[in-house]
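Colleague: Give me a model of this one.
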Amino acid sequence: MSFLTVPYKLPVSLSVGSCVIIKGTPVDSSVNEPQLQVDFYTEMNEESEIAFHLQVHLGRRVVMNSREFGVWMLEENLHYVPFEDGKPFDLRIYVCRNEYEVKVNGEYIYAFVHRIPPSYVKMIQVCRDVSLDSVLVSNGWR
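Modeller: Numbers count the residues shown, from 1 in each chain. Prediction:
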């Protein structure tokens, strides 16, 4: 199986009913923090606003946030971390009317209220210490 190059960038167009599906495996958790990061950018560059930011710190916490006008907003920290070092994951981020719903390996884990409309998202980036199998966007999951 061939793996995707990390950081991995994907041009997207999101709307209510879209689902971002990321499959991979966290690697080398003792080396760097965080081990997994997913960003939904409003432009095709990393300096743009971030509508949704997810960082996974294995065994410690999950952080969700947004960046508006170059400023990070109020961070949401969760201490339930369903990711394990060296174990494959299936991360799904559903675009709902008012929020992103996050599922890991089929289990509903988190919700993050939209601060920037999902229709503004132009690029998804997945990075950090992760071996990526696939990143794709599915429309019409509901």
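Colleague: Just give me the residue closest to the centre of this protein.
Modeller: In the chain, the residue lying closest to the centroid (CA atoms, centre = their mean) is V38, at 3.2 Å.
Colleague: in what helix or strand does the nearest residue to it once chain neighbours are set aside lie?
Modeller: Spatial nearest neighbour of V38, excluding adjacent residues (CB to CB, 6 or more residues apart in numbering): L54 at 4.5 Å. Heads up, the C-betas are built off the backbone N, CA and C, glycines and all. Using DSSP states H and E, L54 sits within strand 50-57.
Colleague: Run through the neighbouring helices and strands of that strand.
Modeller: Counting contacts by 3 or more CB pairs under 8 Å, 6 or more residues apart in numbering; DSSP states H and E, strand 50-57 packs against strand 36-41, strand 61-68.
Colleague: got a markdown table for the ones you listed, with distance to S134 too?
Modeller: Shown next, in a markdown table, are the helices and strands packed on strand 50-57 (distance: least, CB to CB, whole Å):
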| stretch | distance to S134 |
| --- | --- |
| strand 36-41 | 13 |
| strand 61-68 | 21 |
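Colleague: of all those strands, which gets the most neighbours per residue?
Modeller: Highest mean neighbour count among the helices and strands packed on strand 50-57 (mean count of other CB atoms under 10 Å): strand 36-41, with a mean of 23.
Colleague: which residues are contacting it?
Modeller: Contact partners of strand 36-41, identified using CB atoms under 8 Å, 6 or more residues apart in numbering, comprise 12, 14, 20, 22, 24, 26, 46, 48-56, 83, 91, 93, 118, 121-130.
Colleague: at 7 Å what do you get?
Modeller: Residues outside strand 36-41 that contact it (CB atoms under 7 Å, 6 or more residues apart in numbering): 22, 26, 48, 50-56, 83, 121-128, 130.
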